[in-house]
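[1] sequence and predicted model, in that order:
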Amino acid sequence: MEYFNRQVMLWGEDVQLSLQNKKIAIIGCGGLGSSIAFALGASGIGEVHLIDFDDVSIHNIHRQIAFKLDDEGKNKASVNADIIKQRSPYVKTVVHKCDFKTFAQTGVELDLIMDATDNLDTRAQISSYAKDNELPWVYGSAEAYHGQVCLFEKASFNDLFKITQRAPAGITCPMVMQIASLQANLALRYLAGLSVKKDFLYYLFFNDEGEQVIQRFSLSM
């Protein structure tokens, strides 16, 4: 409990111990995924599954905080798993070097799915899988100077978003970290049994004056 001292101060030992029985999956271990893995990997969650078939490229490193220059060519999920183990030996990590469709066939039982992908098609797959298995999932996307976050429970991502293929715009590291932080906060509150808004979309952006704006939309159907 000394390791988790500051969290225990928030919610007590019983809640902290309950996190050891939770299992989550982080789908995508790049920008959002590596920040989420940093935030949740040392929080005391019992089992973290890391899913990514991709290897680290040089252009990833500036915004994907898990990676260093000598990680180029290594599998992203494996690097994140090693970092979690180095920081918190109390968490079991499981690496899946595959896409989400393949992972979904493993039948792993989960409490929560973290979306850290970078394409709408995979998010549509996550949404369908979550619906079929009655699993909540935390959606997150970041691009340019804006991003979106939502803890989906009953609302359908596939019904609310148009699924298209398009090239992503540029992005800065702080924007990625900010969206991932919001995702991780929603996830941790949910797993700890604290009050959290579900099916509620947060849209965050910086306007032309550099002012941060957050808009909120209910997605209840």
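    Sure thing, it's come through. All values derive from a computational prediction rather than experimental measurement. Residues are numbered from 1 along each chain as shown.
[2] now the strands for the chain?
    Under the criterion DSSP state E, the chain contains strands at 23-27, 47-51, 92-96, 112-115, 137-143, 146-152, 200-206, 212-218.
[3] redo these as a markdown table? Include mean neighbour count.
    To be clear about C-beta, it is placed using only N, CA and C from the backbone, and glycine gets the same treatment. Output for the strands of the chain, formatted as a markdown table (neighbours: other Cβ atoms under 10 Å):
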| stretch | mean neighbour count |
| --- | --- |
| strand 23-27 | 25 |
| strand 47-51 | 25 |
| strand 92-96 | 18 |
| strand 112-115 | 26 |
| strand 137-143 | 24 |
| strand 146-152 | 22 |
| strand 200-206 | 17 |
| strand 212-218 | 10 |
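[4] reformat those as a markdown table; add distance to K131.
    A markdown table is the format used below for the strands of the chain (distance: least, Cβ to Cβ, whole Å):
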| stretch | distance to K131 |
| --- | --- |
| strand 23-27 | 15 |
| strand 47-51 | 19 |
| strand 92-96 | 21 |
| strand 112-115 | 11 |
| strand 137-143 | 10 |
| strand 146-152 | 9 |
| strand 200-206 | 17 |
| strand 212-218 | 19 |
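[5] for the longest helix anywhere in the chain, buried residues please.
    For the chain, the helix that runs over the most residues, judged by DSSP state H, is helix 173-191. By neighbour count on 16 or more other Cβ atoms under 10 Å, the buried set for helix 173-191 is 175-184, 186-188, 190-191.
[6] hmm, who's touching that helix?
    19, 22, 24, 31-33, 35-36, 39-40, 43, 45, 62-65, 111-112, 114-116, 136, 138-142, 144-149, 151, 195-196, 202, 204 (Cβ atoms under 8 Å, 6 or more residues apart in numbering).
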